[in-house]
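1. only geometry, no sequence info:
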């Protein structure tokens, strides 16, 4: 099992509480948030990780080196901004398997990775039911788990959100042409039918530290534990 973790975000919304480090290196309980992701991946049986890095990547590289918690680490370094799509596309070149998990470096969704299955699709998303939200777009699926619609961000009383964990086929970008920088979320919402995209629904713990309120919420949780 191998995974790509997206660590290239600037974390502009977190600058008020986290300064001078990449967002995944925001300190929680005396250690970087990214360590919690590695702990989760180790429990899931992941043996190899590609960190897709950009902004101040040296900070991440210096801390995690080439192995952490027994997980081997490779670095896919952006020489120029590639967007989430470009970052995944570049990182896939360092992956060896035919199927790869992709996670965001600023969120944790404690699902069982083995329950993500392609079943002939190019990608499978992990979804989470949420209430009274507007930070996220909503995803609609049919009874077979196949995606039928992506809805843009707006207030939603109840809906399914993209939890930021994917299982994708290594050849997911074959047949498409890109100029370099592109959003994976836009690529997915535009091409989900061609990709035969599907999803699984999970009820596990989810946190996204992208804004100060949720970063502080996660920090309080870890202090209490």
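-> In hand now; what should we look at? Small disclaimer: the values here were computed from a predicted structure and weren't measured.
2. every contact and neighbour count from this point should use C-alpha atoms.
-> OK.
3. could you pull out the strands for this protein?
-> 2-7, 27-28, 31-32, 48-53, 67-68, 71-77, 99-104, 107-109, 123-133, 138-141, 147-151, 156-169, 198-202, 206-208 (DSSP state E).
4. and the contacts of the fourth one?
-> For strand 48-53, the external contacting residues (Cα atoms under 8 Å, 6 or more residues apart in numbering) are 1-8, 71-78, 87-88, 91, 94-95.
5. out of those, which end up buried?
-> Buried subset of these (neighbour count, 16 or more other Cα atoms under 10 Å): 1-8, 71-78, 87-88, 91, 95.
6. would you turn the strands of the chain into CSV with distance to residue 115 and mean pLDDT?
-> Compiled in CSV, the strands of the chain are given as follows (distance: least, Cα to Cα, whole Å; pLDDT from 0 to 100):
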stretch, distance to residue 115, mean pLDDT
strand 2-7, 15, 96
strand 27-28, 28, 81
strand 31-32, 27, 88
strand 48-53, 19, 97
strand 67-68, 25, 97
strand 71-77, 21, 98
strand 99-104, 12, 97
strand 107-109, 13, 91
strand 123-133, 9, 90
strand 138-141, 17, 90
strand 147-151, 17, 91
strand 156-169, 10, 90
strand 198-202, 8, 96
strand 206-208, 16, 84
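7. could you dump those strands into TSV and include distance to residue 185?
-> TSV is the format used below for the strands of the chain (distance: least, Cα to Cα, whole Å):
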stretch	distance to residue 185
strand 2-7	13
strand 27-28	27
strand 31-32	26
strand 48-53	16
strand 67-68	29
strand 71-77	20
strand 99-104	12
strand 107-109	16
strand 123-133	11
strand 138-141	12
strand 147-151	10
strand 156-169	10
strand 198-202	14
strand 206-208	16
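8. what sits against residue 2?
-> For residue 2, the contact set (Cα under 8 Å, 6+ apart) comprises 46-50, 95, 97, 100-101.
9. hmm, residue 101 and residue 3 touching each other?
-> Yes - with contact defined as Cα atoms under 8 Å, residue 3 counts as touching residue 101 (4.5 Å).
10. per-residue pLDDT, residue 15?
-> Model confidence at residue 15, given as pLDDT, is 56.
11. show residues contacting stretch 83-102.
-> 1-6, 50-52, 74-76, 78, 164-171, 173, 180-185, 187.
12. how does it look with 6 Å?
-> Contacts with stretch 83-102, where a contact means Cα atoms under 6 Å, 6 or more residues apart in numbering, come from 2-5, 76, 165-170, 180-184.
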